[in-house]
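Colleague: Predicted coordinates and the sequence they were generated for:
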Amino acid sequence: MSRHTTFKIGGPADVFVCPEDADDLLDILRYAGSHKIDHFIIGGGSKLLVGDKGIRGFVISLCTPAFNGTVFDGETVSAGCGIKIHELINKAAEESLGGLEFLAGIPGTLGGALTMNAGWPSKAIGDLVEEITALKGLELIKLDRSELKFSYRSSNLDGMVLISAKLKLEKKPKDNIEAEMKKNLEKKRKIQELGYPSVGSVFLNPSGSSPAWEIIDKCRLRGKSVGGAAVSQKHANFIINRGNASASDVRELIDEIQKIVFKEHQIMLKLETKLIGDF
Ligand SMILES: Cc1cc2nc3c(=O)[nH]c(=O)nc-3n(C[C@H](O)[C@H](O)[C@H](O)COP(=O)(O)OP(=O)(O)OC[C@H]3O[C@@H](n4cnc5c(N)ncnc54)[C@H](O)[C@@H]3O)c2cc1C
């Protein structure tokens, strides 16, 4: 799984499968269900810490063309949930449709972004969603705006397989879209640690308190390391893989940070990162 995560960490999956289309996906899920095999849907793997012993069962990736298409209609786009976020922004810009620029620089896929309600700095993708098509168990369902709940880095979509989504965009000159994307990317480059493998922010910002990076910083934890994993010097809520970090290194470092922050500030930092598989 180290080849499928931005952390470049994680042991093997029993089976890594890319369904050819929705029918193929249904067959795989049916097979998994009838043989009591676990399954996990992966997007770009940019929010995952996968254990060193890997993942039992099927890891399913919607990376094939059937899940990567876009259809533009007026000021909306219907997109497959396997599409990469940067590709979606660029395709929309080609149609002079904006509204997604705040997502520039966020790695991963549309499916992952919707599940996590990804965003930056104060906007999130959930605000743009009109409808989602998903598999709930083996049933294909459509969820409209009124059935969807998005909050800070979370949604009510856990447990479903997201197939496609319809997003509301806005007419904008392509040049303006590109300029705004460039501005956002530059801002991100300044504050985020992009030179090493990571999952972005490790912890959620606690509500009613300073952001997680500031609390970690106050505990003087920049640069603290366990094995190949270290707290970034540039962004204190990033843990970086210095090249040979194991999942256990990262997990131990996470535990240390939580303990120290709790001791010094009586705040228990919660994970934004998803811990998957066997450690
Ligand atoms: C350098 C860097 C910068 C980042 N900056 C930001 C930022 O500014 N803002 C932000 O919000 N995030 C940021 N992130 C985190 C991450 O990119 C987002 O959370 C992203 O949306 C995750 O998408 P993914 O496709 O990689 O999901 P994954 O990591 O593959 O999966 C995340 C979750 O989504 C689920 N999932 C994925 N696809 C589907 C699907 N089709 N159906 C059902 N479930 C699915 C998975 O099962 C898992 O539970 C950053 C990460 C990095 C590495």
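Modeller: Received the coordinates, thanks.

Colleague: Would you mind listing what in the stretch 151-279 of the chain touches the ligand?
Modeller: Within the stretch 151-279 of the chain, the positions lying close to the ligand (CB under 6 Å from any ligand atom) are 160, 161, 162, 192, 194, 198, 199, 200, 274. From N, CA and C alone the C-beta is placed, and that goes for glycine too.

Colleague: among the residues you listed, which ones are buried?
Modeller: Buried members of those, scored by 16 or more other CB atoms under 10 Å, are 160, 161, 162, 192, 194, 198, 199, 200.

Colleague: and of those, the nearest to residue 111?
Modeller: Lowest distance from residue 111 to those (CB to CB) belongs to residue 162, with 4.4 Å.

Colleague: where exactly do the strands run in the stretch 151-279 of the chain?
Modeller: According to DSSP state E, counting those that start in this stretch, the stretch 151-279 of the chain carries its strands in the segments 154-155, 161-168, 170-171, 225-226, 229-231, 239-241, 274-276.

Colleague: who does the last one pair up with?
Modeller: In its sheet, strand 274-276 lies beside strand 48-50 (parallel), with partners assigned from DSSP bridges.

Colleague: For the strand it pairs with, report the contacting residues that lie outside it.
Modeller: 1-2, 5, 7, 9-11, 42, 199, 247, 250-251, 273-277 (CB atoms under 8 Å, 6 or more residues apart in numbering).

Colleague: got it, and stretch 260-270?
Modeller: So stretch 260-270 is contacted by 203, 204, 206, 209, 212, 215, 216, 218, 219, 221, 257, 258 (CB under 8 Å, 6+ apart).

Colleague: For it, which residues meet the burial criterion?
Modeller: Buried, per 16+ other CB under 10 Å, within stretch 260-270: 261, 265, 269.

Colleague: Run the chain-centre distance for it.
Modeller: Stretch 260-270 has its C-alpha centroid displaced from the chain centroid by 25 Å (CA atoms, centre = their mean, to the nearest Å).
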